[in-house]
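Asks: show me how the following folds:
(2 chains)
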Amino acid sequence: MKLYCLSGHPTLPCNVLKFKSTTIMLDCGLDMTSTLNFLPLPLVQSPRLSNLPGWSLKDGNAFLDKELKECSGHVFVDSVPEFCLPETELIDLSTVDVILISNYHCMMALPYITEHTGFTGTVYATEPTVQIGRLLMEELVNFIERVPKAQSASLWKNKDIQRLLPSPLKDAVEVSTWRRCYTMQEVNSALSKIQLVGYSQKIELFGAVQVTPLSSGYALGSSNWIIQSHYEKVSYVSGSSLLTTHPQPMDQASLKNSDVLVLTGLTQIPTANPDGMVGEFCSNLALTVRNGGNVLVPCYPSGVIYDLLECLYQYIDSAGLSSIPFYFISPVANSSLEFSQIFAEWLCHNKQTKVYLPEPPFPHAELIQTNKLKHYPSIHGDFSNDFRQPCVVFTGHPSLRFGDVVHFMELWGKSSLNTVIFTEPDFSYLEALAPYQPLAMKCIYCPIDTRLNFIQVSKLLKEVQPLHVVCPEQYTQPPPAQSHRMDLMIDCQPPAMSYRRAEVLALPFKRRYEKIEIMPELADSLVPMEIKPGISLATVSAVLHTKDNKHVLQPPPRPAQPAGGKKRKRASEEVPDCKVVKPLLSGSIPVEQFVQTLEKHGFSDIKVEDTAKGHIVLLQEAETLIQIEEDSTHIICDNDEMLRVRLRDLVLKFLQKF
Amino acid sequence: MPEIRVTPLGAGQDVGRSCILVSIGGKNVMLDCGMHMGFSDDRRFPDFSYITRHGRLTDFLDCVIISHFHLDHCGALPYFSEMVGYDGPIYMTQPTQAICPILLEDYRKIAVDKKGEANFFTSQMIKDCMKKAVAVHLHQTVQVDDELEIKAYYAGHVLGAAMFQIKVGSESVVYTGDYNMTPDRHLGAAWIDKCRPNLLITESTYATTIRDSKRCRERDFLKKVHETVERGGKVLIPVFALGRAQELCILLETFWERMDLKAPIYFSTGLTEKANHYYKLFIPWTNQKIRKTFVQRNMFEFKHIKAFDRAFADSPGPMVVFATPGMLHAGQSLQIFRKWAGNEKNMVIMPGYCVQGTVGHKILSGQRKLELEGRQVLEVKMQVEYMSFSAHADAKGIMQLVGQAEPENVLLVHGEAKKMEFLKQKIEQEFRISCYMPANGETVTLPTSPSIPVGISLGLLKREMAQGLLPDAKKARLLHGTLIMKDNNFRLVSSEQALKELGLAEHQLRFTCRVHLHDPRKEQETAMRVYSHLKSVLKDHCVQHLPDGSVTVESILIQAAAHSEDPGTKVLLVSWTYQDEELGSCLTSLLKKGLPQAP
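Replies: The predicted structure is shown next:
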């Protein structure tokens, strides 16, 4: 069993597991932090951005200044933004049988894999994962296609040039594999390969392996996966949460008794407490608005935003914000809000009971109804008519490199009355802000990451007791910035096996057994005997049938009836060509009883001699000698087949067959 | 011998009061717990005393499964759980769990408030009963206990309707509940995988009907409604609040919009708004088209259909009214029917099945003079139309489902005996499997022969698979091993491993036979002759002449020795172990015949 690690990003994993005869890809994460190296794509012509000075090498060679621009001491690529794909060379991806998706954030690389590698398999995901994943992809494609950019920079990627560039460009990895965003057509084609599954659904793969999604508690429809055969179990834990937010709680019990547990998607901000961050978010928001400023919340169109809106729903009136407009701007804002209300079955108990009333599970329905929350596909159109300040705007993309958020950064950045509040943990906020510097606007960092922290992980591991843990290398040492925090790493026994991008791990797995079915007719013919108290044995001689990776034992065929006449004669002369396997024997022969038995069967003149290791039984009349020792019996006789067979059967009576 | 036993307490050769007991692998499951619309005495509920005379139901039943929210499938549930007494789990899908209590409450109100029945279940009992309900998601495998598992499949029919697979070990039963094999305006088609159950229990409401295409029926329906409204008549459509009503509303709504009609459409009872709300929240359970477009336009937000007020029934002019209940057996639909029945301009359209004893059934069977309570006679002059919109599979659909699931046996419920008979023959002929149709209280017993799963050591399996891939299937190789049974753990291992695991030593049984040969030559030469003889005879075996003068055939050792008394005779010692018994025995008889004369 092997694990091919195609992504180095611990929360956006992409691993391939070879298990029995199947090849299973676990998640398909797309590392978008690469876009931080690019200039933002403004929706409206931005003089500031277009007038940034070009950057050239110290030798005065100016050929790079078309591709690279400088802003407040940082260098950016002026080009269509590009993403860092999972490794595609480590393993032939056309051999992947299935892809298991754990949550909508971990499927963003799907079109690259399903459309361009010869992949012909099936993708499994839950319905909310697919629907919201589709929205995230749609938004991404829309953000990028809306602002066509002619330039696609590539000179800077040349290895000899890249190493001369300033950080962080110099240190960017795998730049040659960075790709532009996919198209909507590719998204649709990729999504059409998905088969919907429900929690605790058992899905058979080729009769060899069974996979099952389990609720992971992190997002709508998010799952962990069990990959098991009858005797081996691998748990794949990705993006799980134990906090009570909107999704169904995490199913921990089903992870028990795993041989291997692959652990990915832990919190990216282990030192921040999500509850505290939400409080800070609300108070900073209220403070800014009261002072007449605007609040910008860069966010994804689904996920934490539902929880934030719910908090605000409770907070607005008490904080005296009921007259302040809240805007949610995204090409998929409406769909996201609508979809969130129809997935009752995937929500926490509290929200599920609402639909019995029947009421929409999320209170943002009421915010919309009372006109407190308004949503728009973009800043163009209706929004420009309705726009009032001060206000609160939720919009994407959290990288600040594309989407409507770029416009608000340019619009509000110069005033210290305004605040941008970072809640999404995927991008370093300082790097995200770099191309907007110098900035007068206040910046608040309230990352809300509900995924497991290290304390929760160690508790979980104690609870479910996997034999081995496999995780990204980042989790086996403290974060580089907090190298003294030994508590910010995975602590388990035996120590976790770690992987990094482009590595192949042999998992410590020894398969010993396989399931086989004994047909009822065969089972009936078995004669069990008790060897030790509680342990019985039966020898089995049967025909093995294997089809679709399922094994069945059937009764042996009846010996063919000897056909008449000539044939019979020949048959008796023929040497057996098909070797009939005789069982092994065990036990020992008590001499006295054996002699009694011989006498009973008409043998007389029996003499017993003792030897060093046992006895010799002499049948003087038949000139036969039987050597009996602890672990062996030797019958030496004349060529009298009848006699030999009689003696053989008497000996066998005392022995057990295996 | 293990067996599966099925006893219908209701819905055996009958429609209504669905309730079927299944015993499988030592587990007892009750499928549905319905009431009968045709009765208002004891017979309206299944006879639960059949299940156990003395013990508690909870001890006897491992679980109860409700297929969908129609009262003939769940109407007896509060009576069963709260009045007879059952505290175990009741499984149903989430929409069923949401809508079921509303219909039960409706039913209770009509029975108690309108008919004045005493000793009926109370509102509190409905609530307490629903607390025992456990939601099941589609395709989720629910582990009821260590051995019993159930799984729901989409059934169409009504919102949240499901078919259930009940499985213990390798034995399984599928119960379809009510289902529909063709998608309609708001629901998708039933679907099941090739799960090959031992038994498929299917409804058979339309066992003999092959319905024409849905489009035709819809056109027909719209034409009739349109004509009646055009000539100023009123149209009454008795429906159940949830289900068919929504489909017909979508149909009329789009038609009204297209034709720009002005006649009002009403929906009776306060439930409308609420009912439609359930549909909005359970969009994933509707058909693909609605799921795809719901963000732009939620199909369950109607513009033309308004709430009905009792007073409207007497207003002049044309109108269309959807009123509950669907079989005209009580409530508002019956009231309106009474008011409008006398006018031949009006029309009543029955869009679903009506059980015997209901007014709906009477007028559909052509009765035009109805006796009402108080000896009143109501003359029915209005037009009576029947349109099969009820979402049951027709004969073709049932055959299709049997084909999909590939069961070993089929059992028919929820249909009329005569029609079942026809379908039974058809199934037996076409699929060559047994088909049963027990009456209520009658038990069908199916012996099963489950295979026994054991663990085979990978070493043994691989060894066999490597050798076993013979092209000739007739010469099947025998796998030989030892089955170790310890507690409930069964493992098949090679004999060597079994001995080793149990700490036992092998006992070697060896035979040595003396074969006398007339041969005056030296022993070495005799051995040489034996060697060349065997070499030529045993072409398929490995025959070797060893340096020490002995001859081996496979692992059988042959040595030549001088006879102690007769120098013209040599003694061949043939020695083999028990494992080589066949070959050894064969060799001795071969050698006994002597060697061919030397050339």
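Asks: going forward, measure contacts and count neighbours with C-alpha atoms only.
Replies: Noted.
Asks: for the chain, give me the ranges with low pLDDT.
Replies: With no chain named, the answer covers chain A. Applying pLDDT under 70 to chain A flags the ranges A:559-580.
Asks: my bad, chain B
Replies: B:1, B:114, B:212-213, B:269-272, B:467-477, B:597-599.
Asks: centre-most residue in it?
Replies: residue B:174 (1.2 Å; C-alpha atoms, centre = their mean).
Asks: out of everything not next to it in sequence, what's closest to it?
Replies: residue B:165 (4.3 Å; C-alpha to C-alpha, 6 or more residues apart in numbering or on different chains).
Asks: pull the longest strand from chain A.
Replies: strand A:535-547 (DSSP state E).
Asks: what lies in contact with it?
Replies: Applying C-alpha atoms under 8 Å, 6 or more residues apart in numbering or on different chains, the contact partners of strand A:535-547 are A:522, A:526-531, A:551-556, A:583, A:657-658, B:464, B:468, B:476-487.
Asks: 6 Å - rerun?
Replies: With contact meaning C-alpha atoms under 6 Å, 6 or more residues apart in numbering or on different chains, strand A:535-547 is reached by A:527-530, A:551-556, A:658, B:478-486.
Asks: that strand pairs with which strands, parallel or anti?
Replies: Counting by DSSP bridges, the strands paired with strand A:535-547 are strand A:529-532 (antiparallel), strand A:550-554 (antiparallel), strand B:478-486 (antiparallel).
Asks: so which bits of the helix or strand that contains residue A:130 are buried?
Replies: Assigned by DSSP states H and E, residue A:130 belongs to helix A:127-145. Using 16 or more other C-alpha atoms under 10 Å in any protein chain shown as the burial criterion, the residues of helix A:127-145 that qualify are A:127-144.
Asks: with stretch B:431-450 instead?
Replies: B:431, B:434, B:435, B:436, B:437, B:438, B:439, B:440, B:441, B:443, B:444, B:450.
Asks: which ones are touching residue A:50?
Replies: The neighbourhood of residue A:50, defined by C-alpha under 6 Å, 6+ apart, contains no residues.
Asks: now do 10 Å
Replies: Under the criterion of C-alpha atoms under 10 Å, 6 or more residues apart in numbering or on different chains, the contact list for residue A:50 reads A:39, A:42, A:69, A:78.
Asks: backbone torsions only: list them for it.
Replies: Backbone torsions of residue A:50, given as degrees, to the nearest 10, read phi -80, psi -20.
Asks: pretty sure the residue nearest to the centre of chain B sits in a strand.
Replies: Yes: according to DSSP: H, G, I helix; E, B strand; the rest coil, residue B:174 belongs to a strand.
Asks: show me the strands in the stretch 201-350 of chain A, by range?
Replies: Assigned by DSSP state E, counting those that start in this stretch, the stretch 201-350 of chain A shows strands spanning A:203-205, A:209-215, A:223-228, A:233-238, A:260-264, A:295-298, A:326-329.
Asks: CSV for these, including distance to chain B and mean neighbour count?
Replies: What follows is the strands of the stretch 201-350 of chain A, written out as CSV (distance: least, C-alpha to the nearest C-alpha, whole Å; neighbours: other C-alpha atoms under 10 Å in any protein chain shown):
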stretch, distance to chain B, mean neighbour count
strand A:203-205, 10, 16
strand A:209-215, 9, 23
strand A:223-228, 13, 25
strand A:233-238, 15, 24
strand A:260-264, 20, 23
strand A:295-298, 24, 26
strand A:326-329, 16, 24
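Asks: how about those, which one is nearest residue A:388?
Replies: Closest of these to residue A:388 is strand A:326-329, at 9.8 Å (criterion: C-alpha to C-alpha).
Asks: mind listing residues that contact that closest one?
Replies: With contacts defined as C-alpha under 10 Å, 6+ apart, strand A:326-329 is touched by A:295-297, A:299, A:301, A:305, A:309, A:312, A:333-334, A:337, A:367-368, A:371-379, A:383, A:386-388, A:390-396, A:403-405.
Asks: can you list the residues of the stretch 151-300 of chain B near chain A?
Replies: Residues of the stretch 151-300 of chain B lying close to chain A by C-alpha under 10 Å from any C-alpha of the partner chain are B:151, B:274-285, B:291, B:294-296.
Asks: quick check, nearest of the contacts of residue A:50 to residue B:81?
Replies: For the contacts of residue A:50, the nearest to residue B:81 is residue A:42 (64.3 Å; C-alpha to C-alpha).
Asks: is the closest one in a helix, a strand, or coil?
Replies: Classified using three-state DSSP, residue A:42 is coil.
Asks: against residue A:411, how distant is it?
Replies: Distance, residue A:42 to residue A:411, by C-alpha to C-alpha, to the nearest Å: 11 Å.
Asks: and the closest residue to chain B within the stretch 201-350 of chain A, what does it touch?
Replies: For the stretch 201-350 of chain A, the residue closest to chain B is residue A:201, as judged by C-alpha to the nearest C-alpha, at 4.2 Å. Shown in contact with residue A:201 (C-alpha under 10 Å, 6+ apart): A:210, A:211, A:212, A:213, A:214, B:137, B:138, B:139, B:140, B:141, B:142, B:151.
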